[in-house]
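> With the sequence up front, the predicted model follows.
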Amino acid sequence: MEIDSVRCECCGLREDCTQEYITSVKSNFGGIWLCGLCSEAVRDELMSKGKKKKSYGLEDAMKAHMSFCRRIKSNPAVCVADGMRQMLRRRSGDLSKPASVS
């Protein structure tokens, strides 16, 4: 099994992946390689905005996320962590609220 290093076209993060996985990810995103975090962010963007605007598609979601990454290039690690925090809050509700005990 051959492992290749590939760079995310959004955030610049490098990952070591099999060629089969790289091809699979690129096929999901129009030939563009996205790391796991950026691909989830694009999917989340598509789900949230796609419900509001019928014409909002995958390409729009990718452009929005790439724009976000370009604005935050000064410290990608902080920005990726912040993006994950925001995404998890949207999916799970506000995480700052204490969990109810049953």
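Noted; the coordinates are in hand.
> For the rest of this, base every contact and every neighbour count on C-alpha atoms.
OK.
> helices and strands around the helix or strand of the chain with the lowest mean pLDDT, which ones?
Lowest by mean pLDDT, DSSP states H and E among the helices and strands of the chain is helix 76-92, with a mean of 75. Packed against helix 76-92 by the contact rule (3 or more CA pairs under 8 Å, 6 or more residues apart in numbering; DSSP states H and E) you find helix 36-52.
> Buried residues of the very next helix or strand once past the helix it packs on, list them for me.
Moving toward the C-terminus from helix 36-52, the next helix or strand (DSSP states H and E) is helix 58-71. Going by neighbour count (16 or more other CA atoms under 10 Å), the buried part of helix 58-71 is Leu58, Asp60, Ala61, Met62, His65, Met66, Cys69.
> quick one: contacts for the first one?
Read it as Leu58. Leu58 makes contact with Phe29, Val42, Arg43, Leu46, according to CA atoms under 8 Å, 6 or more residues apart in numbering.
> Does the last one touch Ser55 like I think?
So that's Leu46. No: assessed by CA atoms under 8 Å, Leu46 is found out of contact with Ser55, at 10.7 Å.
> higher neighbour count, those two?
Leu46 (21 against 10; other CA atoms under 10 Å).
> need the contact list for that one.
Leu46 makes contacts with Tyr56, Gly57, Leu58, Asp60, Ala61, as judged by CA under 8 Å, 6+ apart.
> I'd guessed Met84 sits against Leu37; true?
Yes: between Met84 and Leu37 a contact is recorded at 7.4 Å, counting by CA under 8 Å.
> measure stretch 32-40 end to end?
14 Å (CA to CA, to the nearest Å).
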